[in-house]
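Undergrad: Coordinates only, no sequence provided:
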């Protein structure tokens, strides 16, 4: 007999958990499966086993038990039930066999009949047995058919009950869902009503708090009003007292009014007198302003006269002057000190050198050399004392004249120290001090209506080649040319860096930069000898709008390379490059001497002196300083001497050259006119 299909639970039924049926339901399902297993029919026994009717299947009661948990409303359809079949009776044969648990599906074929011996007794017994068996078989078949019919009726009844139970289960499920939905709606309404009640409570609480705050505020205002009323009453009492006092005072003021009227008339008379006095003071102020303007004009005129007188003084001193300075003996000097004396203790203009040598006869021969210059500085002279003598030349630069100051002397005589100085403020050289002087004078001239602008450049002449010491690179590769403007008397160098100057500190920084880039070499005379001529040029332009006057001047500060002979040995040997440098230096210094000699002959006059050629082009140095050495400039030569006896011959050569320069007259200096 086949197993009835299991009913599935409806998804609308409540479950114990989200992942499947509850433990109770699982146990019921396992029990149903055990009960639904097919039962084996009892085997048909031998003839002597009594016949037994078929028992109804126990799966029918299980349908009612499992219907409550297996009915579904919206699940998958149950599997179709297996059709019940009526069992067949087993085939009977002459051989007695034991019954099996189930009859075979088909009857086996009967074996072929054997010929039997004709025996009347045996045939009748077999027929009786066969009849009995046939009767039993018929009764069994009829009983089985009755059982099958009764079982079918029971199945139909059970199916009807199952259908009714399923319908009831579906109705109950729908009612349960509706009840749950109704309950959820009621819960939502209850939550909504609770929220509304809470909101009403909060609103009521806020209103109560607001009312309490209003009550407190009204009480506070009432107290304030009471206090104000009390104060007002006090003020009213005081005002009443003040009114009484004012009434008394008014009576007194009425009496004083007459007195004040009289005093007012007197004051009006005084005001009229002061007005007349103010008019007189205004006239005096206008007169004073006119006098101030006249005095300013006098100051401007006085400045013009001062410049002329200052220029006359400088011309009387000489447009080309020579100062001599002997450096002190340094701790590094190992040679014997030369005998140098300074006999002029008052004006300090003389220097005397003495030397001794042995004659051919063995007698000692002494020679004395006496030289005179515009100023001679002894070894103990400081940088400040030296600059004091040349500070007036810085003033001439601001007045619009070309000024040239150059240091001359042999290697190791102190030229660089004199011009550039040392690291401290006390050891500052002529270049930074002259620049400070120019900026200081320019600042002082602002009070007189003058305004100045300045710019500077720094170059060196090395082996007749001009190098820009303020360029962007350590080694200047540009080709520079010297250009003179005969109309304005100015000199320009092409492609040279020109820096606007605003302070003296800026100039010091430029000097340090240029000093690092200058060409130097070591010799036996000096560890760091300058192998080039350095020229620092400061151009200054001034204008006075009130006097409608302009000026333009320049200050050239030149540090010449050390003069030396070719027989002086270098620290690293007489290399070809050092020899070439020495030849170039001596050539430029010789050209400078020729130019000064030619200027001296022209200044002294004589036949053909006016048209005498001045060899400025023989050297880049003299061509660059052409306008600073001609009649349009003021020139100062600083002769630096070494105090050592081993340098005596070079010192004498330098002194003779300086004497030639000092005896040169280059004419009258002229002020440079500025063109826009």
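TA: Everything's here; your move. Just so it is clear, the structure is predicted and the values come from calculations on it, not from any experiment.

Undergrad: what stretches of this structure score poorly on pLDDT?
TA: Confidence mapping of the chain against pLDDT under 70 gives the ranges 1-123, 300-319, 359-360, 473-477, 519-530, 547, 563-575, 603-611, 631-632, 665-676.

Undergrad: Pick out the residue nearest the middle of it.
TA: Central residue of the chain (C-alpha atoms, centre = their mean): residue 472, 26.5 Å from the mean position.

Undergrad: Give the burial count for the nearest residue in space to it that is not next to it in sequence, as a bare number.
TA: In space, and not counting its chain neighbours, residue 472 is closest to residue 497: 8.0 Å by C-beta to C-beta, 6 or more residues apart in numbering. From N, CA and C alone the C-beta is placed, and that goes for glycine too. If you count neighbours by other C-beta atoms under 10 Å, residue 497 ends up with 17.

Undergrad: Residue 497 contacts residue 467, correct?
TA: No. Contact criterion C-beta atoms under 8 Å: residue 497 and residue 467 do not qualify, at 11.1 Å.

Undergrad: Quick check: can you list the domain ranges of the chain?
TA: For the chain, automatic domain parsing gives the domain ranges 1-76+85-101+129-261, 318-323+336-675.

Undergrad: that older thread, give me the three-state assignment for the residue nearest to the centre of the chain.
TA: coil (DSSP: H, G, I helix; E, B strand; the rest coil).

Undergrad: hang on, the earlier thing: now distance to residue 271 too, for the domains of the chain, in a markdown table please.
TA: Output for those, formatted as a markdown table (distance: least, C-beta to C-beta, whole Å):
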| stretch | distance to residue 271 |
| --- | --- |
| domain 1-76+85-101+129-261 | 15 |
| domain 318-323+336-675 | 40 |
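
Undergrad: Out of those, flag the one nearest residue 275.
TA: When those are compared by C-beta to C-beta, domain 1-76+85-101+129-261 sits nearest residue 275, at 21.2 Å.

Undergrad: Longest helix of this structure, counting residues only.
TA: Looking across the chain with DSSP state H, the single longest helix is helix 120-317.

Undergrad: Just give me how far the helix or strand following that helix sits from the chain centre.
TA: Per DSSP states H and E, the first helix or strand lying C-terminal to helix 120-317 is strand 320-326. Between the centre of strand 320-326 and the centre of its chain there are 56 Å (C-alpha atoms, centre = their mean, to the nearest Å).

Undergrad: for strand 320-326, packing partners?
TA: strand 375-377, helix 383-398, strand 633-641, helix 648-662 (3 or more C-beta pairs under 8 Å, 6 or more residues apart in numbering; DSSP states H and E).

Undergrad: Mind listing the strands it pairs with, and their directions?
TA: strand 375-377 (parallel), strand 633-641 (parallel) (DSSP bridges).

Undergrad: buried set for stretch 483-503?
TA: Buried residues in stretch 483-503, defined by neighbour count with 16 or more other C-beta atoms under 10 Å: 489, 490, 491, 493, 496, 497, 501.

Undergrad: What is the nearest of those to residue 331?
TA: residue 501 (37.0 Å).

Undergrad: hang on, the earlier thing: can you tell me which of the domains of the chain is packed in deepest?
TA: When the domains of the chain are scored by mean count of other C-beta atoms under 10 Å, the highest mean neighbour count falls to domain 318-323+336-675 (a mean of 18).

Undergrad: Any idea how far the longest helix of the chain is from the middle of the chain?
TA: 41 Å.

Undergrad: Next, the angle from it to strand 633-641.
TA: 100 degrees (axes from the mean of the first three to the mean of the last three C-alpha atoms, to 10 degrees).

Undergrad: by contact count, what packs against helix 120-317?
TA: Using 3+ C-beta pairs under 8 Å, 6+ apart, helix 120-317 sits against helix 59-70, helix 383-398.

Undergrad: that older thread, can you tell me which of the strands paired with strand 320-326 comes nearest to residue 175?
TA: Nearest to residue 175, of all those, is strand 633-641, at 129.8 Å by C-beta to C-beta.

Undergrad: Tell me the span between the first and last residue of stretch 331-340.
TA: Its first and final residues considered, stretch 331-340 spans 19 Å by C-alpha to C-alpha, to the nearest Å.

Undergrad: and if you look at stretch 373-381?
TA: Stretch 373-381 has an end-to-end distance of 16 Å (criterion: C-alpha to C-alpha).

Undergrad: Name the residues that touch that stretch?
TA: Contacts with stretch 373-381, where a contact means C-beta atoms under 8 Å, 6 or more residues apart in numbering, come from 317-318, 321-329, 342, 344, 348-351, 385-386, 389, 639, 643, 658-659, 662.

Undergrad: Next: stretch 462-481.
TA: Identification of contacts with stretch 462-481 by C-beta under 8 Å, 6+ apart yields 457-461, 482, 493-497, 499, 510, 513-514, 517-519, 531-534, 580-581, 584, 587-588, 619-620, 624.

Undergrad: Which of these fall in helices?
TA: If you go by DSSP H, those have 510, 513, 514, 517, 580, 581, 584, 587, 588, 620, 624 in helices.

Undergrad: Which residues are in contact with the last one?
TA: When the contact criterion is C-beta under 8 Å, 6+ apart, the partners of residue 624 are 461, 466, 482, 491, 493, 535.

Undergrad: Pick out the most distant pair among these.
TA: Spatial extent of these (C-beta to C-beta) is set by the pair 461 and 491 at 13.6 Å.

Undergrad: ok, back up a step: where's the residue nearest to residue 472 relative to residue 429, distance?
TA: According to C-beta to C-beta, to the nearest Å, residue 497 and residue 429 sit 22 Å apart.

Undergrad: Next: residue 652.
TA: Residue 652 is 26 Å from residue 429, by C-beta to C-beta.

Undergrad: same question, residue 140
TA: Using C-beta to C-beta, we find residue 140 at a distance of 152 Å from residue 429.

Undergrad: What values do phi and psi take at the spatially closest residue to residue 640 that is not a sequence neighbour?
TA: Excluding the flanking residues, the one nearest residue 640 by C-beta to C-beta, 6+ apart is residue 409, at 3.5 Å. With angles defined as degrees, to the nearest 10, residue 409 sits at phi 160, psi 170.

Undergrad: again with residue 412
TA: Main-chain dihedrals, residue 412, degrees, to the nearest 10: phi 90, psi 10.

Undergrad: thinking it is in contact with residue 651, fair?
TA: No. Using C-beta under 8 Å, residue 412 and residue 651 do not qualify as a contacting pair, with a distance of 11.0 Å.

Undergrad: shared neighbours of the two, which are they?
TA: residue 642.

Undergrad: beta partners of residue 365?
TA: In beta-bridge terms (that is, DSSP bridges), residue 365 pairs with residue 357.

Undergrad: I figured it hits residue 356, correct?
TA: Yes. Here residue 365 lies in contact with residue 356, judged by C-beta under 8 Å, at a distance of 6.8 Å.

Undergrad: How about residue 549: which residues does it bridge to?
TA: residue 544.
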